[in-house]
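> got a predicted structure here, sequence first:
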Amino acid sequence: MRLSKDFGHRRISSELRQKGIAEAVIKSLMQDIGHNADEEKTVQKIAHKRFLRYKNLDAPIAQRRLYGYLIRRGFSENVILKTIRSYDNDND
């Protein structure tokens, strides 16, 4: 399943729509998955790996790259910004 590949719910929903799955089925599936808690943990895990990769970059550049990567993976903006802010606060 796509969740095991660290994709966000927006991307999974989009892919299901492209395959012709009915919107009601997609909404039901997303509710069954329970997206907020799992998504936050996944974003934190990815962010940790990516920040290690970006350790030689300036903080604003690393944050911008991480934000773009996570948005493309289909995660919600609120969860991404919350995670990036937590890393920013940890580094202060």
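Nice, thanks for sending it over. Residues are numbered from 1 along each chain as shown.

> okay, CA-based contacts and neighbour counts for the rest of this
Fine.

> just the C-alphas of the lengthiest helix in the chain, formatted as CSV.
Criterion DSSP state H: the longest helix present in the chain is helix 35-53. Listed next in CSV are the C-alpha coordinates belonging to helix 35-53 (Å, rounded to 0.1, in the frame of the first residue of the first chain):
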residue,chain,number,x,y,z
HIS,A,35,-4.7,10.5,9.1
ASN,A,36,-3.5,13.1,11.7
ALA,A,37,-1.4,11.1,14.2
ASP,A,38,0.1,8.8,11.6
GLU,A,39,0.9,11.6,9.3
GLU,A,40,2.8,13.6,12.0
LYS,A,41,4.9,10.6,12.9
THR,A,42,5.7,9.9,9.3
VAL,A,43,6.6,13.5,8.6
GLN,A,44,8.9,13.6,11.7
LYS,A,45,10.7,10.5,10.6
ILE,A,46,11.2,11.8,7.0
ALA,A,47,12.3,15.2,8.4
HIS,A,48,14.9,13.7,10.6
LYS,A,49,16.4,11.8,7.7
ARG,A,50,16.3,14.8,5.4
PHE,A,51,17.8,17.2,7.9
LEU,A,52,20.7,14.8,8.3
ARG,A,53,21.1,14.9,4.5
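
> dead centre of this protein: give me the residue that sits there.
Centroid-nearest residue in the chain: Phe75, 3.1 Å away (criterion: Cα atoms, centre = their mean).

> which non-adjacent residue is nearest that residue?
Gly8 (4.2 Å; Cα to Cα, 6 or more residues apart in numbering).

> next one: phi and psi at the one you found?
For Gly8, the backbone dihedrals (degrees, to the nearest 10) come out as phi -80, psi 170.

> what about it, distance to Ala62?
Going from Gly8 to Ala62 by Cα to Cα, to the nearest Å gives 20 Å.

> and these two? Which one has more around it.
Between Gly8 and Ala62, Gly8 has the larger neighbour count (other Cα atoms under 10 Å), namely 23 against 19.
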